[in-house]
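>>> return atomic coordinates for the entry below.
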Amino acid sequence: MPTKSSRLTTLPAGLVPLLTMRELETYYGVSDWQILQWIKAGMPVHPFAGRQRRFDINEVRAWMAEQDADSAQLVAASA
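Numbering: from 1, shown residues only. Got it, this is the predicted structure:
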C-alpha cells in the first residue's frame, strides 16, 4: 500500500488557495469587524458552503491597491 508521502502531488503553477476570514484577519492583522467593513465597502468575496466566505488574496490585494489610489486622489483633490 502506498504511503501518504508517495501520493502527494504538486499544485499547478499559479494556483492559489482561497483564504478563510480568519486567515485574512491574520494576514492583515485586523479584527473580524474590519474584514466585515471591507466586505461592505466592496472587497471581493467568494461564497462557500453554508454561510462561509473565502477570499482570493490576489483579488483582495488588487482591491486594497485600488482603495489606496482612490484615497490618494481624494486627498490630492482636497489639498
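>>> how near is I57 to W33?
I57 is 20 Å from W33, where distance means C-beta to C-beta, to the nearest Å. (Each C-beta comes from the backbone N, C-alpha and C, glycine too.)
>>> nope, A13 is what I meant
Separation of A13 from W33 (C-beta to C-beta) stands at 36 Å.
>>> who has more neighbours out of the two?
Neighbours were counted for A13 and for W33 using other C-beta atoms under 10 Å; W33 has more, 9 against 5.
>>> just the pLDDT for that one.
At W33, the model reports a pLDDT of 93.
>>> start the count at 8 instead of 1 going forward.
Okay, using 8 as the starting number, the last item reads as W40.
>>> buried set for the helix or strand hosting it?
In the assignment (DSSP states H and E), W40 maps to helix 39-47. Of all the residues in helix 39-47, those buried under the rule 16 or more other C-beta atoms under 10 Å are 42, 45.
>>> right, and the helix or strand after that helix?
strand 53-54.
>>> return the list of strands paired to that following strand, each annotated with direction.
Partners of strand 53-54 in the sheet, by DSSP bridges, are strand 60-61 (antiparallel).
>>> which outside residues touch the partner strand?
For strand 60-61, contacts defined as C-beta atoms under 8 Å, 6 or more residues apart in numbering pick out 25-28, 46, 52-55.
>>> likewise stretch 29-41?
Stretch 29-41 is contacted from outside by 26, 28, 42, 62, 64, 67, using C-beta under 8 Å, 6+ apart.
>>> most surrounded residue in the residues you listed?
Counting neighbours by other C-beta under 10 Å, the top entry in the contacts of stretch 29-41 is F62, with 23 neighbours.
>>> got the phi/psi numbers for that residue?
Note on F62: its backbone torsions stand at phi -130, psi 130 [degrees, to the nearest 10].
>>> then the one 5 residues further on?
Comment: the main-chain dihedrals of V67 come out as phi -70, psi -40, following degrees, to the nearest 10.
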